[in-house]
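what follows is a predicted structure for the sequence shown.
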Amino acid sequence: MRVGATVLAGIVAVGVAAVPFLTLIGLGVHRGGAPWAVSGSAVVLTFGPALLAGAGAEERRRGPVALLVLALWSALLFQLLVPVYFPEERAGAFRSGLALIGLARPGLAEQLPDEPELSRPLAQAAAPIVEPVLPPPVDEDALALPYEGDGRRMAVPVVFRHEGVELEVVMMFDTGATYTTLSSADLARLGVTVGPDAPTIELHTANGVRTAQLVMLDEVWLGNLPVRHVAIATCESCASADTAGLLGLNVSGGFNLQIDADRQEVMFRPRAAFDRKLDVRVFTDLSATFERLPGDRVEVVVSIDNPTKVPLDYVAAEVACDSGQWTVRVGPVPPGESLAERRALPEHTHCDSYDLSLAEASW
């Protein structure tokens, strides 16, 4: 009878101990710990006190004392110590521990006792309030460029600079054009040769859709206002007898614009922030890999390759699926180098696939 009671007590004690043991395993997995360190720590923390208590008891009482301490210590560990040091992580860690031994079942972790509110998770530092850096007053900073045309088709003077060579031309101010264009002849005047491996895009012009190659110029100047490291699309049909090409949004998008039809001027005021993703995305390579971990957790590694000669300040990649959207910021990236950032996606319902896009960027 005594042997049967001891066996039953052992089963109960080990069953109770299995809960904090698997929880500790899950906590270690969440933190990317080495398997031997995670499993060893879980064994010592869960079973160590019971083994020490049993070793210190009389020989005939070692088994009962060890089992009693194991059950009491396990309950204390799970209900007090884990919530204090790892608040709001207990249920997720237990699910991950079960998943590692193939016992993951929906709702099983929710059947455990509620986690006591003994402490609170360490919150991320709140972002400081940063006042937007606004341009100086209009009278000091606004640029007025005279335009030619009737207000629907306006041509403005623009200066292109590349590796010490300067080209001053008149460009058609086209708010519907995404990229600024030049002809191959004008690019040659700047010393730029378009290689066969240059990136390409489709341009929607008045003469239909055209495939255009892209090159990067050092600077585009509107009066005394520069835009640096600009993608220029080669387009022969975009030029005319009066203009060298189209002034696209990848240049004009950096300014707030106002047209003064009475004086035939376009007022350019620098914006507080200028998103350079139009230029960055055609000269860099953005990619991501996704890994599903125990407990249905998902981690993403976003990589950006910068083969250009220009330092990349940052990119903000948008990861999306039906369950939500998240942003991963990567950078800075030196010229000719690559960089990757690993992030855990917030808890969300299962997604079969994820979409990756460039949300924001800056040279």
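Now that the structure is in, tell me what you want to look at. Here the structure is a predicted model, which means the values were calculated and not measured.

can you list the domains in the protein?
By the assignment in automatic domain parsing, the chain contains the domains 2-111, 138-272, 279-362.

export those domains to a markdown table and tack on mean neighbour count, mean pLDDT and distance to residue 117?
Yep, even glycine has a C-beta here, placed from its N, CA and C like the rest. Output for the domains of the chain, formatted as a markdown table (neighbours: other C-beta atoms under 10 Å; pLDDT from 0 to 100; distance: least, C-beta to C-beta, whole Å):
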| stretch | mean neighbour count | mean pLDDT | distance to residue 117 |
| --- | --- | --- | --- |
| domain 2-111 | 16 | 79 | 8 |
| domain 138-272 | 17 | 84 | 43 |
| domain 279-362 | 16 | 88 | 20 |
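
helix or strand right after the longest strand belonging to the chain?
The longest strand of the chain (DSSP state E) is strand 208-222. As assigned by DSSP states H and E, the chain's next helix or strand after strand 208-222 is strand 225-234.

elements contacting that next one?
Using 3 or more C-beta pairs under 8 Å, 6 or more residues apart in numbering; DSSP states H and E as the contact test, the elements touching strand 225-234 are strand 180-182, helix 184-189, strand 208-222, helix 249-252, helix 277-283.

what about that strand, distance to the chain center?
Relative to its chain's centre, strand 225-234 lies at 26 Å (C-alpha atoms, centre = their mean, to the nearest Å).

for it, give me every contacting residue.
For strand 225-234, contacts defined as C-beta atoms under 8 Å, 6 or more residues apart in numbering pick out 143, 160, 179-184, 187, 194, 201, 203, 212-221, 248, 250-251, 254-255, 268, 270, 274, 276, 278-279, 282-283, 308, 310, 363.

which residues in the stretch 51-200 of the chain form strands?
143-146, 148-149, 154-162, 165-173, 180-182, 200-205 (DSSP state E, counting those that start in this stretch).

which one of those strands lies nearest to residue 113?
strand 200-205 (59.2 Å; C-beta to C-beta).

name the strands paired with the longest strand of the chain and say parallel or antiparallel.
Note on strand 208-222: by DSSP bridges, its sheet partners are strand 154-162 (antiparallel), strand 200-205 (antiparallel), strand 225-234 (antiparallel).

after the longest one, next one along is what?
If I follow you right, that is strand 225-234. Elements were assigned by DSSP H and E; along the chain past strand 225-234, the next helix or strand is strand 246-247.

that next one - contacts with which helices or strands?
strand 165-173, strand 180-182.

for these, which one sits closest to residue 116?
Of the helices and strands packed on strand 246-247, nearest to residue 116 by C-beta to C-beta is strand 180-182, at 62.1 Å.

list of residues touching the closest one?
For strand 180-182, contacts defined as C-beta under 8 Å, 6+ apart pick out 160, 169, 171, 203, 212, 220, 230-235, 238-239, 244-248, 250-251.

export the longest strand of the chain as CSV, just CAs?
What follows is strand 208-222 as a C-alpha-only set of coordinates in CSV (Å, rounded to 0.1, in the frame of the first residue of the first chain):
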residue,chain,number,x,y,z
GLY,A,208,2.8,55.0,-75.1
VAL,A,209,4.7,52.7,-72.7
ARG,A,210,8.5,52.8,-73.1
THR,A,211,11.1,50.7,-71.3
ALA,A,212,13.8,53.0,-69.9
GLN,A,213,17.1,52.3,-68.3
LEU,A,214,18.1,54.1,-65.1
VAL,A,215,21.3,55.8,-64.1
MET,A,216,22.2,57.7,-60.9
LEU,A,217,23.5,61.3,-61.1
ASP,A,218,25.2,63.1,-58.3
GLU,A,219,23.0,66.2,-58.1
VAL,A,220,20.0,67.9,-59.6
TRP,A,221,19.7,71.6,-58.8
LEU,A,222,16.6,73.8,-58.9
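
report the angle between it and strand 165-173.
Counting by axes from the mean of the first three to the mean of the last three C-alpha atoms, to 10 degrees, strand 208-222 lies at 120 degrees to strand 165-173.

so for residue 67, which of the helices and strands packed on strand 246-247 sits nearest?
strand 180-182 (78.2 Å).

roughly how far is that closest one from the heart of the chain?
Relative to where its chain is centred, strand 180-182 has its mean C-alpha point 31 Å off (C-alpha atoms, centre = their mean).

just checking: what are the partner strands of that strand?
Here strand 180-182 is paired, per DSSP bridges, with strand 225-234 (parallel).

for residue 348, what are phi and psi?
When read as degrees, to the nearest 10, the backbone of residue 348 gives phi -150, psi 160.
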